[in-house]
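K.L.:
structure for the following, please:
(one chain, ligands or ions: 1)
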Amino acid sequence: MRVYLDNAATTPLDKEVLETMLPFMTEFYGNPSSIHTHGREVRSAIEKSRKTIAQLLNTSPAEIVFTSGGTEADNTAIRCSIEALGIKHAISSPIEHHAVLHTLESLHKAGRIQLHMVEVDKKGYINLNHLEELLKQYPKSLVSLMHANNEIGNVTDIQLAGELCRQHGALFHSDTVQTMGHFRHDLQKLPVDFIVGAAHKFHGPKGVGFLYINAQNRIQPFIHGGSQERNMRGGTENVYGIIGLAKALEIAYRDMDEHQQHIQRLKSRMIAKLQTEIEGIAFNGDPIQSDKSLYTVLNVSLPIAEVGEMLLFNLDINKISASGGSACTSGSEIGSHVLRSIDANPERASVRFSFSKFNTEQEIDFAVQTLAEMYKKEKVA
Ligand SMILES: Cc1ncc(COP(=O)(O)O)c(C=O)c1O
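P.N.:
Coordinates of the predicted model:
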């Protein structure tokens, strides 16, 4: 048995999704920009996919732009809104994904913006009172706060953050890569300017995603070229990727309640079993508060000094694929910026387990057992 518990990194492709994609690799190969029948039938499939996504998110198809994934969608939202709307200040948090952080930092270094960071507490929660203070000081900023953190799973109340942004005339971008397909976003109710999705996080193909751009905002493309995506992204579309993305999101919404219950049960089982098997176990983030913790992610903090990569390597030898980082800053090991921001103890090893609808209780038990044996060995040594 080999157990895959790294679903926040990527998820396996759903067979139902693959079947929908296959004809677009063989039979329907026209370029969607071509005006002949071959092109038009593919164009129509792309527009159908756009409509499906828009309906699921309760918005209009014109507000959905296909991209090569989450990173490009985040870059487009941030760079292009700052450029087109003359924004001088950005507000973000130290626990954002590098797709957001590095983009903002590069704009800051280039002198395009001033960057302000919202405080994060030890449990990994963004301080929304501090956001409000920053917004009073720097109204009309671009605010970028992720919905759920990919390393520790903390969920931010983006409804409230968005309302604060609206009150202060700020633009609001939320990196929703980890919640898209795992959480229902209703764009008629959610006060956001930009949110994003990456198909491979919800059993779709890799290398395709989308950006929602609220119609109030007029921005220029990030990738210049042809007039694809209503002039918002040049380049021939990733046709079968787009078809797979829409199908994967459709399935995710269709089965969401069932999968959420199943995955939450796996996560609670793992928490309970780890607490009985490993003395001094702790968790990074706040996974016990299930409504404030993404059900697909569990970040475990172990009372052993083994460095993060060694632990992951040992888990791998024992047939478990997981991911992680540490709070460590010494030597060449830079460690996780998220764990450092929440003051995680660098003396302890951290590992992130992340789950999908395909995981089973047996797999969870196997992972706990393996981890418990590794812990016992370390204690004896
Ligand atoms: C929160 C978050 N944002 C952005 C990304 C980047 O998405 P992609 O791999 O599709 O470029 C990821 C992927 O790990 C993520 O977890």
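
K.L.:
so how far is the ligand from residue 242?
P.N.:
14 Å (CB to the nearest ligand atom, to the nearest Å). Placement of C-beta: from N, CA and C, glycine included.

K.L.:
surely that residue is in contact with residue 208?
P.N.:
Yes - Residue 242 lies in contact with residue 208 (CB atoms under 8 Å); the separation is 6.1 Å.

K.L.:
leaving out the residues flanking it, which one is nearest to residue 163?
P.N.:
residue 191 (5.5 Å; CB to CB, 6 or more residues apart in numbering).

K.L.:
OK, contacts around the one you found?
P.N.:
Residues in contact with residue 191 (CB atoms under 8 Å, 6 or more residues apart in numbering) are 159, 162, 163, 165, 166, 172.

K.L.:
element containing the third one, please.
P.N.:
What it means is residue 163. helix 158-167 (DSSP states H and E).

K.L.:
tell me what that helix is packed against?
P.N.:
For helix 158-167, the elements it packs on are helix 128-137, strand 171-174, judged by 3 or more CB pairs under 8 Å, 6 or more residues apart in numbering; DSSP states H and E.

K.L.:
may I ask which helix or strand of the protein has the lowest mean pLDDT?
P.N.:
helix 308-317 (a mean of 86; mean pLDDT, DSSP states H and E).

K.L.:
which of the helices and strands packed on helix 158-167 is buried the deepest?
P.N.:
Mean neighbour count (mean count of other CB atoms under 10 Å) peaks for strand 171-174 among the helices and strands packed on helix 158-167, with a mean of 26.

K.L.:
so how many other residues sit close to residue 218?
P.N.:
Burial of residue 218 is recorded as 10 neighbouring residues (other CB atoms under 10 Å).

K.L.:
same check, this time on residue 186
P.N.:
Neighbour number of residue 186 under other CB under 10 Å is 11.

K.L.:
contacts only, for it.
P.N.:
Counting by CB under 8 Å, 6+ apart, residue 186 has contacts 57, 58.

K.L.:
could you redo the last one with a cut-off of 10 Å?
P.N.:
Applying CB atoms under 10 Å, 6 or more residues apart in numbering to residue 186 gives the contacts 56, 57, 58, 59, 159.

K.L.:
surely residue 164 and residue 141 touch.
P.N.:
No - taking contacts as CB atoms under 10 Å, residue 164 lies outside contact range of residue 141: 11.1 Å.

K.L.:
need the residues touching each of those two.
P.N.:
134, 135, 170, 172.

K.L.:
the first one and the ligand, how far apart?
P.N.:
Look at residue 134 and the ligand: by CB to the nearest ligand atom, they are 21 Å apart.

K.L.:
surely that residue touches residue 119?
P.N.:
Yes - assessed by CB under 10 Å, residue 134 is found in contact with residue 119 at 9.5 Å.

K.L.:
what touches both of the two?
P.N.:
Common neighbours of residue 134 and residue 119 (CB under 10 Å, 6+ apart) are residue 127.

K.L.:
could you count how many residues lie near residue 206?
P.N.:
The burial count for residue 206: 16, using other CB under 10 Å.

K.L.:
now do the contacts for the closest residue to it other than its chain neighbours.
P.N.:
Once flanking residues are discounted, residue 206 sits nearest to residue 200: 4.2 Å by CB to CB, 6+ apart. Neighbouring residues of residue 200 by CB under 10 Å, 6+ apart: 9-13, 69-70, 177, 206-209, 241, 244-245, 248.

K.L.:
tell me the mean pLDDT for stretch 195-207?
P.N.:
The pLDDT scores in stretch 195-207 average 98.

K.L.:
can you give me the buried ones in that stretch?
P.N.:
195, 196, 197, 198, 199, 200, 201, 202, 203, 204, 205, 206 (16 or more other CB atoms under 10 Å).

K.L.:
residues of the stretch 151-300 of the chain that sit close to the ligand?
P.N.:
175, 177, 178, 198, 209 (CB under 6 Å from any ligand atom).

K.L.:
out of those residues, what pair is the most spread apart?
P.N.:
178 and 209 (12.5 Å; CB to CB).

K.L.:
identify the contacts common to those two.
P.N.:
70, 198, 201.

K.L.:
what's the burial count for residue 291?
P.N.:
There are 6 residues near residue 291, going by other CB under 10 Å.

K.L.:
so it touches residue 148, yeah?
P.N.:
No - the criterion here is CB under 10 Å, and residue 291 misses it with residue 148 at 11.8 Å.

K.L.:
so what's in contact with those two at the same time?
P.N.:
residue 155.

K.L.:
can you map out the strands along this structure?
P.N.:
Listed in chain order, the strands of the chain (DSSP state E) span 3-4, 64-67, 89-92, 114-117, 142-144, 171-174, 194-198, 209-213, 282-284, 297-302, 320-321, 349-354.
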